[in-house]
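K.L.:
I'll drop the sequence and a predicted model, then ask my questions.
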Amino acid sequence: MSAVLYSADKNQEAVEFIKNCLERSKMEYGYTAALRYFQYTATTSKNNPYSYVLESNDDNVLAEANLTKADRGRYLAVLRDRSGPRIAKLWKENKQELLAMISKETYNGHYASKVNSLIAYRESKGYRAKINALKKKSPRLSTKTIEQAGAVTNWDGYKDLAFWYRRTVEKNDKVVFGILKEVQANYK
């Protein structure tokens, strides 16, 4: 019984994390605020060396992102399980609430371009060949994967390739693709 409650708590915290990211994305400089929140609460400087906020000892940088030192690494354990079935379950249980958090205007201004880009990349003719090429260059996810994606794509669409490669390695690519298609359809 305690394992079930622990799992439910982790799932609630994962949804709380997503809601917090969405709320921060609505702030002035929203993309940066959401990105800093993600970097500071859900990654480490070892796994995400591009995250200068993680290395900062300047309380002003944290305050600008509405973060405190207590937030550091807060969601690491909660977001460790990125399996397709878990993501699908959390989406099914929370999609109406999450979609209601973002107006069509906000979606079009902040998210539509990236969602459309990720979907188009995944549906593109050379997608599978690029994923396979990146698997050869970067057999495991690492801090160099983004650079390897750049080498595969000549820096054209490298972020989309890196995104889908991570999803492929985590075995949640099909679920994430389906969610992105639902989100896109919701705001049409």
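P.N.:
Alright, I've got the coordinates.
K.L.:
wait, isn't residue 14 in contact with residue 76?
P.N.:
No - at 11.5 Å, residue 14 does not count as touching residue 76 under the criterion of CB atoms under 8 Å. No exception for glycine: its C-beta is placed from N, CA and C like everyone else's.
K.L.:
more neighbours, these two?
P.N.:
residue 14 (21 against 13; other CB atoms under 10 Å).
K.L.:
Mind pulling the model confidence for the more buried one?
P.N.:
At residue 14, the pLDDT value in this model is 95.
K.L.:
mind listing what it touches?
P.N.:
75, 78-79, 90 (CB atoms under 8 Å, 6 or more residues apart in numbering).
K.L.:
Okay, and it sits in which element?
P.N.:
Assigned by DSSP states H and E, residue 14 belongs to helix 2-25.
K.L.:
Kindly export that helix (C-alpha atoms) in CSV.
P.N.:
Extracted as CSV, the C-alpha positions of helix 2-25 are listed here (Å, rounded to 0.1, in the frame of the first residue of the first chain):
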residue,chain,number,x,y,z
SER,A,2,2.8,2.5,0.9
ALA,A,3,4.4,1.9,-2.6
VAL,A,4,1.2,2.8,-4.3
LEU,A,5,0.9,6.0,-2.2
TYR,A,6,4.5,6.9,-2.9
SER,A,7,4.0,6.4,-6.6
ALA,A,8,0.8,8.6,-6.5
ASP,A,9,2.7,11.3,-4.6
LYS,A,10,5.5,11.2,-7.3
ASN,A,11,2.9,11.5,-10.0
GLN,A,12,1.2,14.5,-8.3
GLU,A,13,4.6,16.1,-7.9
ALA,A,14,5.4,15.5,-11.6
VAL,A,15,2.2,17.2,-12.6
GLU,A,16,2.9,20.0,-10.2
PHE,A,17,6.3,20.5,-11.9
ILE,A,18,4.6,20.8,-15.3
LYS,A,19,2.1,23.3,-14.0
ASN,A,20,4.8,25.4,-12.5
CYS,A,21,6.7,25.4,-15.8
LEU,A,22,3.5,26.4,-17.7
GLU,A,23,2.9,29.2,-15.1
ARG,A,24,6.4,30.5,-15.5
SER,A,25,6.1,30.5,-19.2
